[in-house]
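Undergrad: Structure for the following, please:
(2 chains)
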Amino acid sequence: MDFEFNEQQRAIQDAVVRICRAFGDDYWLARDTDGEFPEAFVKAITESGWLGIAMPEAFGGSGLGITEAAILAHAIARSGAGMSGASAVHLNLFGPNPIVVFGTEEQKQRFLPPLIQGKDRACFGVTEPDAGLNTTRLETRAVRDGDHYIVNGRKHWTTMAQTANKILLVTRTTPISECAKPSEGLTLFYTDLDQARVEVRLIEKMGRKAVDSNALFIDDMIIPVADRIGAEGDGWKCLLHGLNPERILIAAEAVGLGQVALERAAAYARERIVFDRPIGKNQAIQHPLAVNWMELEAAHLMVFKAASLYDAGKPCGAEANTAKYLAAEAAHQACQRSVLTHGGMGYAKEYHVERYLREIMIPVIAPISQELIKSYIGERILGQSKSY
Amino acid sequence: MKILVAIKRVVDYNVNIHVRSDNSGVELNNVKMSMNPFDEIAVEEAIRLREAGKAEEVIVVSVGTSACREQIRTALALGADRGILVETDAELQPLAIAKLLVAIVKQEAPMLVITGKQAIDGDNSQTGQMLAALAGMSQATFASELLLGDDTATVTREVDGGLETITVKLPAVVTTDLRLNEPRYASLPNIMKAKKKPIDTCSPEDLGVDVTPGLKILKVTEPPERQAGIILETVEELVDKLQNEAKVI
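TA: Down below sits the predicted model:
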């Protein structure tokens, strides 16, 4: 067993840390205030070729694994960019995976290079107002009409749809009543986000103001058959392929954000003098921070265990879910403790940790709830009855 | 034209360093190591010269343990063409490093050697100067601007009084100051390419250089902790304290 990054992985981490250094706390605080998409940051990341980290070399990527993508995602969040920085590039790291695995050569050639070069920006249309974790219940309908499909429906929590020109869209092509199983009859598309046929409405939210989340109202959107990924009805199979990488990446991001929150708390505890001594001299301050550190380290190990299993082509469902669960718990605790350690200052925006606390709720809630992960482990690992 | 860049593996500038409890040196266990920041500027300058068509090849050399390979690889990821590691576990002082570099200079015959004006670990600022003297090359230290002619280099140097511009004959050794350039960061495609670039390894014995230290380090201690300041009411009080307590006037 080897718990060390190899030379190339360290080089990746170093290079990302350096890029992120140019985008300091003030930059992210300003984006959190004005809500503008972090274009300059995304440009820097794109120009240095990072968007293609896990994409095939044949299409301009670097052909590395989820382990390396997780190192990248972690380093971004850890720099203080948090979920604002990570979410702005996150989708590019694993999102196109269904195209890589199920797309035709023509589709890969057409879709992947512009994504890697940052010329295309994609959003992901899966969740619906009435179909969240129960994805198979989604109701957005695609009806075949000659060489096209006509799509109608609604999507919810579609990230970056304000500026995206492409969408990875999951639809139902066969009504659920005509399918043997709910997971059948779904079809995936990667196509132009036609703003004339899709109304994109911003959702005001708790944190990560710079990276928009949206409600989509799709009205007679026309999609060429050539933009369908995989066969009709294979949408669920295509989707499943991206679930574990997504959980691994978001777990890596959570750990990074938790660590920067903890670092700030520790620095403040050393410097802040109350009753003529640094507050960190009190065990009531010091011990919770020590616990945060241990919990984050443990979660980080699970992230890389899951990533290395995935990269070795082995099943990693339990590990990827566990990584997401542990990382979200540890990082949520760390962010909360960081605000508490800062006392009143923790509530002030200029100390940055209240922003971290708002942002860390994202990996706690998404892409799968902590509760459903417990149900998964209970059922699949511990052999209990399905509880939902 | 070939450019040789000498780089050193040092404690990362962000690390808060501690002296080992036996006072034998600085604690290096589990400490993040990086390329000396001044050497990064040297690598950047060499790559820019090659990109401007003034040089054909940038060779990076480092001296030290096999771990130095990592810093050589970093330089290759930034754009250097190939690397040389003079591998040794011995403790190295500036004179020994300069002698090893002289041997590499003899092998490679570069027209220009660029290296940091000092390394942030020992802060000796000796290697570049010793190398120039031993190899019989011109030297231009503390460069903040470098213009390469056909057989000369015009270098603006940062000196105490301001800026000094000198022209030296090639081959020359140039040591870099902070303001010479702002180093780029490695792109992912270049990190991938760097894996395939060659790093040759040799030993001090291969080069026929004796690296036995000439200086002996007796003791390394932490600098004294800075005392809190005081606020004085009057100028008389200040003069009195400067005279009688600090004894500086």
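
Undergrad: Up against chain B, what does the stretch 1-150 of chain A have?
TA: A:7-8, A:10-12, A:14-15, A:18-19, A:47-50, A:52-53, A:62 (Cβ under 8 Å from any Cβ of the partner chain). C-beta here means a position set from N, CA and C on the backbone, and glycine is covered the same way.

Undergrad: Out of the residues you listed, flag the one nearest to A:R272.
TA: When the residues of the stretch 1-150 of chain A next to chain B are compared for distance to A:R272 (Cβ to Cβ), A:R18 comes out closest, at 30.1 Å.

Undergrad: quick check: mean pLDDT across the host helix or strand of the closest one?
TA: Using DSSP states H and E, A:R18 sits in helix A:7-21. Averaging pLDDT along helix A:7-21 yields 94.

Undergrad: Show me what the following helix or strand past it is packed up against.
TA: Sequence order places helix A:25-34 as the next helix or strand after helix A:7-21, per DSSP H and E. Using 3 or more Cβ pairs under 8 Å, 6 or more residues apart in numbering or on different chains; DSSP states H and E as the contact criterion, the elements in contact with helix A:25-34 are helix A:82-94, helix A:353-365.

Undergrad: Going by neighbour count, list what's buried in the helix or strand following the first one.
TA: Per DSSP H and E, the first helix or strand lying C-terminal to helix A:82-94 is helix A:97-102. Judged by neighbour count (16 or more other Cβ atoms under 10 Å in any protein chain shown), helix A:97-102 contains these buried residues: A:N97, A:P98, A:I99, A:V100, A:F102.

Undergrad: Show me what the helix holding A:R18 packs onto, helices and strands only.
TA: Packing partners of helix A:7-21 (3+ Cβ pairs under 8 Å, 6+ apart): helix A:66-76, helix B:69-78, helix B:188-194.

Undergrad: hmm, back to that, got a markdown table for the buried residues of helix A:97-102, with pLDDT too?
TA: As requested, these are exported to a markdown table (pLDDT from 0 to 100):
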| residue | pLDDT |
| --- | --- |
| A:N97 | 88 |
| A:P98 | 91 |
| A:I99 | 94 |
| A:V100 | 92 |
| A:F102 | 95 |
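
Undergrad: Make CSV from the helices and strands packed on helix A:25-34 and add mean pLDDT, mean neighbour count and distance to B:A67 to it.
TA: Putting the helices and strands packed on helix A:25-34 into CSV (pLDDT from 0 to 100; neighbours: other Cβ atoms under 10 Å in any protein chain shown; distance: least, Cβ to Cβ, whole Å) gives the following:
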stretch, mean pLDDT, mean neighbour count, distance to B:A67
helix A:82-94, 92, 26, 30
helix A:353-365, 98, 23, 34
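
Undergrad: Following element in sequence after the biggest helix by length in chain A, please.
TA: As assigned by DSSP state H, the longest helix anywhere in chain A is helix A:235-271. As assigned by DSSP H and E, the chain's next helix or strand after helix A:235-271 is strand A:273-274.

Undergrad: List the contacts of that following strand.
TA: When contacts are defined by Cβ atoms under 8 Å, 6 or more residues apart in numbering or on different chains, strand A:273-274 is touched by residues A:I279.

Undergrad: Relative to that strand, what are the paired strands and their orientations?
TA: strand A:277-278 (antiparallel) (DSSP bridges).

Undergrad: what does the strand it pairs with contact?
TA: A:A269, A:R270, A:E271, A:R272.

Undergrad: returning to that earlier point: so which of the buried residues of helix A:97-102 would you say is closest to B:S203?
TA: A:V100 (45.8 Å).

Undergrad: Pull up the gap between the closest one and A:G317, please.
TA: Distance check for A:V100 against A:G317: by Cβ to Cβ, to the nearest Å, it reads 20 Å.

Undergrad: Next: A:I66.
TA: 14 Å.

Undergrad: Same check on B:A67?
TA: Distance from B:A67 to A:G317, by Cβ to Cβ: 38 Å.

Undergrad: Looking at those two, which is more packed in?
TA: A:G317 (18 against 13; other Cβ atoms under 10 Å in any protein chain shown).

Undergrad: got a list of what the closest residue to that one other than its chain neighbours touches?
TA: Nearest in space to A:G317, with sequence neighbours left out and distances taken as Cβ to Cβ, 6 or more residues apart in numbering or on different chains, is A:N244 at 6.3 Å. A:N244 makes contact with A:A306, A:Y310, A:C316, A:G317, A:A320 under the criterion Cβ under 8 Å, 6+ apart.

Undergrad: Closest one of those to chain B?
TA: A:Y310 (19.6 Å; Cβ to the nearest Cβ).

Undergrad: what about that closest one, is that helix, strand or coil?
TA: Under DSSP: H, G, I helix; E, B strand; the rest coil, the three-state class of A:Y310 is helix.

Undergrad: I figured it was touching A:E68, is that so?
TA: No: applying Cβ atoms under 8 Å as the test, A:Y310 and A:E68 come out as separate, 11.6 Å apart.

Undergrad: How much space separates B:I3 from B:L170?
TA: Taking Cβ to Cβ, one finds B:I3 at 11 Å from B:L170.

Undergrad: quick one: which of those two has more around it?
TA: B:I3 (28 against 16).

Undergrad: low-scoring pLDDT stretches of chain B, where are they?
TA: For chain B, no stretch has pLDDT under 70.

Undergrad: show me where it has helices.
TA: Using DSSP H, helices in chain B cover B:37-51, B:69-78, B:94-108, B:127-135, B:188-194, B:204-207, B:235-244.

Undergrad: For chain B, what lies in contact range of chain A?
TA: Checking chain B against chain A by Cβ under 8 Å from any Cβ, the hits are B:34, B:69-70, B:73-74, B:77, B:185-192, B:194-195.

Undergrad: Which among the helices of chain B is found nearest to A:I377?
TA: Closest among the helices of chain B, using Cβ to Cβ: helix B:188-194, at 35.0 Å.

Undergrad: Identify the farthest-apart pair in the residues of the stretch 1-150 of chain A next to chain B.
TA: A:E7 and A:E47 (23.8 Å).

Undergrad: Deepest-packed of the helices and strands packed on helix A:7-21, please.
TA: helix A:66-76 (a mean of 27; mean count of other Cβ atoms under 10 Å in any protein chain shown).

Undergrad: Which PyMOL command selects the buried ones in the residues of the stretch 1-150 of chain A next to chain B?
TA: Buried residues among those (16+ other Cβ under 10 Å), as a PyMOL selection:
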select buried, chain A and resi 8+10+11+12+14+15+18+19+48+49+50+52+53+62
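
Undergrad: Closest one of the residues of the stretch 1-150 of chain A next to chain B to A:H148?
TA: The closest of the residues of the stretch 1-150 of chain A next to chain B, once distances to A:H148 are taken by Cβ to Cβ, is A:G52, at 30.5 Å.

Undergrad: How much space separates the closest one from B:P198?
TA: 26 Å.

Undergrad: Report back the residue of chain A that's furthest from centre.
TA: Here chain A reaches farthest from its C-alpha mean at A:D276, the gap being 43.8 Å by Cα atoms, centre = their mean.

Undergrad: Could I get the phi/psi values of that residue?
TA: Main-chain torsions, A:D276, degrees, to the nearest 10: phi 60, psi 20.

Undergrad: ok, back up a step: the inter-axis angle of the longest helix of chain A versus helix A:25-34?
TA: Angle between the axes of helix A:235-271 and helix A:25-34 is 120 degrees (criterion: axes from the mean of the first three to the mean of the last three Cα atoms, to 10 degrees).

Undergrad: buried residues in helix A:235-271?
TA: For helix A:235-271, using 16+ other Cβ under 10 Å, the buried residues are A:235-239, A:242-266, A:268-269.

Undergrad: what bridges to the spatially most central residue of chain B?
TA: In chain B, the centroid-proximal residue (Cα atoms, centre = their mean) is B:G116; its distance is 3.3 Å. Going by DSSP bridges, B:G116 is paired in beta bridges with B:T176.

Undergrad: thinking it is in contact with B:A42, fair?
TA: Yes: look at B:G116 against B:A42 with Cβ under 8 Å: they come within range, at 5.6 Å.

Undergrad: Touching both of the two, which residues are there?
TA: What both B:G116 and B:A42 touch, as defined by Cβ under 8 Å, 6+ apart, is the set B:I7, B:T175, B:T176.
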